[in-house]
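In: here is my input; please provide its structure:
(2 chains)
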2 protein chains.
Amino acid sequence: MSDIGEDIRNRPRTDETVHDIYTEDGAVRPRFLAMVGAAIADRDVLFLRQHVAKLHESELGDLLESILPDQRQALVRLLGKDFDLTALTEVDEAIRLEIVDQMPNEQIAAAIGELDSDDAVYILEDLDHEDREEILAKLPFTERVRLRRALDYPESSAGRRMQTEFVAVPPFWTVGQTIDYMREDEELPESFTQIFVIDPTFKLLGVVDLDKILRTQRLVKIETIARETNHPIPADMDQEEAAQLFEQYDLLSAAVVDDNGRLVGVLTIDDVVDVIQEEAEEDFMRMSGVGDEELSDSVVDTSRSRVPWLLVNLLTAFMSASVISLFEATIEQVVALAILMPIVAGMGGNAGSQTMTVTVRALATRNLDIHNAWRVARREVGVGLINGAVIGTLVGTVAGIWFGDPHIGGLIATAMVINMFAAAMAGIMIPLLLDRAGADPAVSSAVFVTAITDTTGFFSFLGLATWWFAIS
Amino acid sequence: MSDIGEDIRNRPRTDETVHDIYTEDGAVRPRFLAMVGAAIADRDVLFLRQHVAKLHESELGDLLESILPDQRQALVRLLGKDFDLTALTEVDEAIRLEIVDQMPNEQIAAAIGELDSDDAVYILEDLDHEDREEILAKLPFTERVRLRRALDYPESSAGRRMQTEFVAVPPFWTVGQTIDYMREDEELPESFTQIFVIDPTFKLLGVVDLDKILRTQRLVKIETIARETNHPIPADMDQEEAAQLFEQYDLLSAAVVDDNGRLVGVLTIDDVVDVIQEEAEEDFMRMSGVGDEELSDSVVDTSRSRVPWLLVNLLTAFMSASVISLFEATIEQVVALAILMPIVAGMGGNAGSQTMTVTVRALATRNLDIHNAWRVARREVGVGLINGAVIGTLVGTVAGIWFGDPHIGGLIATAMVINMFAAAMAGIMIPLLLDRAGADPAVSSAVFVTAITDTTGFFSFLGLATWWFAIS
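Out: Here you go, the predicted structure:
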């Protein structure tokens, strides 16, 4: 069953073996990269089979990302059928497509047949329709039907991420029968942590964790130790929602069911961990107007994906510029205002983005809703007023001394309190309103919040100054 | 073994049962809140035992977060020993402390004894030294030793997050012996997915997944089906690093070992998922100068935690103000410059924060290192120049028309290209340098990047204008 074993007691155990191919920073070791590069150049297939083909899929993925495009192509070609296609699930989309594009469809089809269905779908879903159909056509019937069914579910749904291999038994089997079945069946999934209980129509009845089976006497019937699956996941549920269920209920795997409650697959925690990472990353990136980009994207693609956000910001920048232009005459008289006004606007922006970040995150983790929004809003406004007073006093003092004019100090301090208040209101209300309107608050909040803090900052400071100099 | 079973086939299965206490948004249903509130007011212990005590720990946690502080105290008191302390691992730290503070130490000690060791440590580690010692002193000897050992490991280490309950067997046992042992031993952990192979000194020899045991004949020796644990986790490893191993190698659980390679506990994926979430959240929050704050923190605490970041930003704001003051004379002559200058600075800031976000994220996920930094930097500079040209042309045209002066348009366009270039350089170099210097790039990058884009923006635009009006 295993070619290790027997002498595991005598094997030396060092920490280094873990990170063999990695430096302390988690990068692939330059020395290893050089050796692989040399082996590729020398077409040293033996070395590659021994040292590259045996890497863990994620290590092979990191290696692929660390070498040059030419080397990638050559490596995949040299390894041939020893190349583990699963590694492609661990690399950037651009690199995945680059590698798949140059592989003959026959080779892909042969390799896809070896994969778990979820990995196969992950690779197939990015291909264009024609290639995908050609590859599917080359697969055995059952395999093809399975993959096609998964591919029919919407993108980013649980159905796309599920594995269609699972162990399911009827409720009247005994623990002994079940264990014997698992000892004999060759078609079991590579690894699993629970088995499902189904009726003859594949309707899901319950679930049994493996440790429960191991702790139970052979004669006990499966149905007596099965527990209800409180969390069967509809195949068309969004993967993010499914991930939240995993997180909330500490699930290791969950049954995926179709509209009729029939078991169609199993979603496992390792895929869910990837989803959680992706979603966190997305929120993080979107907040700064960066989309789905990857480090391997080209200059032009990257530029194009970032320009729209800049354009929206440009619009708001012109908006605040036009606010300033209202007070042209005042600025001409007191240039100190031009010097100080970016401080009011900028500090409002900083405070607003603090509040906004908290709000966006709380919305994403579902800690914020209409029921506690009022309480949170009051807190943020309180914080805004306190911080406005603190920063305002400081700025006012410094500005007053700098320009030798206490009035200027008083004006900027007052404007600062006003803008910090506006920042707090905007930071909480804008993400909430966007969320209510069905928009993603992570994407668009920043633009609106900055627009408000900029215009309020300029308007309050220059407006106050104009009024003050007019009456004094 | 289970009070369900037998009739799982006949039980109605609806999706609503899953989210019983939740609305579609994932908030706790107002109606449920009202019912619980009424039951607390009426001291209706029966209702609470039936409908609250039986909730999943995470549901109970959400409920605790959704009711008023007074209700929380009353609920915990009314439920008495039916209150599942595990729910405290699911609530904000402030609420956890609030609840624990009012529970008598005897009650906590009794409840702690029921918990898995990782949950117990999670609650104990936040308590002050005195309370913690008092509670530990009330626990049985073995329990106390276990918890104290876990608490001795550094904060946020694998040792703090591990569970000290695990199944371990000697290598010479057969599969049959192992299964029989699991059927009889009452002290097994609540759930587990693998068992460990150890020598008499608890030195870790290998690991066997449960599905492997179920698939193997009873007479086979454990050592022949054990596999080497490639990823034993040192107890003092940082939890984030441990989480990365889980992610990379798709682990469900991993052995935690002490300095001598002895098995001391097991780290499970559900705890790791929490770590991944926390770390992603931290990066996200830190980037906007928000620390470990929680929605339940008080106004004063929140204000205090956010002021330092605002002060640092204030310093840089004064820096850029002083850059503007260099060009006071020019602004006095051409007020249009004062109106337009925030556009140059602001757009640079936006572009810089796009680049910076990508860099910070790539560093966090270890996709960026000194080997590909050069390539990524070139790409970012390319993107900066292209976007600078696009935005610059647009701004130049609009500004030229607005002020009826093509020179102003040319000046702002040039300044924009310069600042976008500076933004790209700053966005990539600053996080990289901070990372090299051992600082957390997520925390401090934004301040430096904004400082650079603001000063470069003002200096390039006003400087160019001063030079231009001097020579023309």
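
In: CA atoms of the helix or strand of chain A with the lowest mean pLDDT as CSV?
Out: When each helix and strand of chain A is scored by mean pLDDT, DSSP states H and E, helix A:269-286 comes last, with a mean of 81. Taking Å, rounded to 0.1, in the frame of the first residue of the first chain, the C-alpha atoms of helix A:269-286 are listed here in CSV:
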residue,chain,number,x,y,z
ILE,A,269,-12.5,22.5,3.3
ASP,A,270,-9.3,22.7,1.2
ASP,A,271,-11.2,24.3,-1.7
VAL,A,272,-13.1,26.5,0.8
VAL,A,273,-9.8,27.8,2.2
ASP,A,274,-8.9,28.9,-1.3
VAL,A,275,-12.2,30.6,-1.7
ILE,A,276,-11.8,32.4,1.7
GLN,A,277,-8.3,33.6,0.6
GLU,A,278,-9.6,34.7,-2.8
GLU,A,279,-12.5,36.6,-1.4
ALA,A,280,-10.4,38.4,1.3
GLU,A,281,-7.9,39.3,-1.4
GLU,A,282,-10.7,40.6,-3.7
ASP,A,283,-12.1,42.9,-1.0
PHE,A,284,-8.6,44.1,-0.2
MET,A,285,-7.7,44.9,-3.8
ARG,A,286,-11.0,46.4,-4.8
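
In: list the buried residues in the next helix or strand after that helix.
Out: Using DSSP states H and E, the helix or strand that follows helix A:269-286 towards the C-terminus is helix A:299-325. In terms of neighbour count (16 or more other C-beta atoms under 10 Å in any protein chain shown), helix A:299-325 has its buried residues at A:299, A:302-303, A:305-307, A:309-310, A:312-314, A:316-318, A:320-321, A:323-325. The C-beta positions use only the backbone N, C-alpha and C, and glycine is treated the same way.

In: near chain B at all, helix A:299-325?
Out: Yes: counting by C-beta under 8 Å from any C-beta of the partner chain, chain B is contacted by helix A:299-325 at A:299-300, A:302-303, A:306-307, A:309-311, A:313-314, A:317-318, A:320-321, A:324-325.

In: what is the distance between that helix and the centre of its chain?
Out: A distance of 26 Å separates the centroid of the chain from that of helix A:299-325, by C-alpha atoms, centre = their mean, to the nearest Å.

In: mind listing residues that contact the helix or strand just after that helix?
Out: Counting by DSSP H and E, the next helix or strand C-terminal to helix A:299-325 is helix A:328-333. For helix A:328-333, the surrounding residues in contact (C-beta atoms under 8 Å, 6 or more residues apart in numbering or on different chains) are A:324, A:337-338, A:462, A:465-466, A:469, B:331-332, B:335, B:338-339.

In: hang on, the earlier thing: so which elements touch the least confident helix or strand of chain A?
Out: Helix A:269-286 makes packing contacts with helix A:158-161, helix A:239-249, helix A:336-364, helix A:441-471, helix B:239-249, helix B:269-286, helix B:336-364 when contacts are defined by 3 or more C-beta pairs under 8 Å, 6 or more residues apart in numbering or on different chains; DSSP states H and E.

In: hey, where'd the helices end up in the stretch 101-250 of chain A?
Out: A:105-112, A:117-124, A:129-137, A:141-152, A:158-161, A:175-184, A:210-214, A:222-225, A:239-249 (DSSP state H, counting those that start in this stretch).

In: if I look at the closest residue to A:Ala426 other than its chain neighbours, how far off is A:Gly427?
Out: Using C-beta to C-beta, 6 or more residues apart in numbering or on different chains and skipping the chain neighbours, the partner closest in space to A:Ala426 is A:Ile452 (4.2 Å). Using C-beta to C-beta, to the nearest Å, A:Ile452 is found at 9 Å from A:Gly427.

In: for these two, list the residues in contact with both.
Out: A:Gly352.

In: higher neighbour count, the two?
Out: Each of A:Ile452 and A:Gly427 has its neighbours counted (other C-beta atoms under 10 Å in any protein chain shown); A:Gly427 has more, 31 against 23.

In: secondary structure element for that one?
Out: With DSSP H and E as the criterion, A:Gly427 is inside helix A:406-436.

In: name the residues of the top helix by length along chain A that are buried.
Out: Secondary structure of chain A read by DSSP state H shows that its longest helix is helix A:370-402. By neighbour count on 16+ other C-beta under 10 Å, the buried set for helix A:370-402 is A:372-373, A:376-377, A:379-388, A:390-392, A:395-396, A:398-400, A:402.
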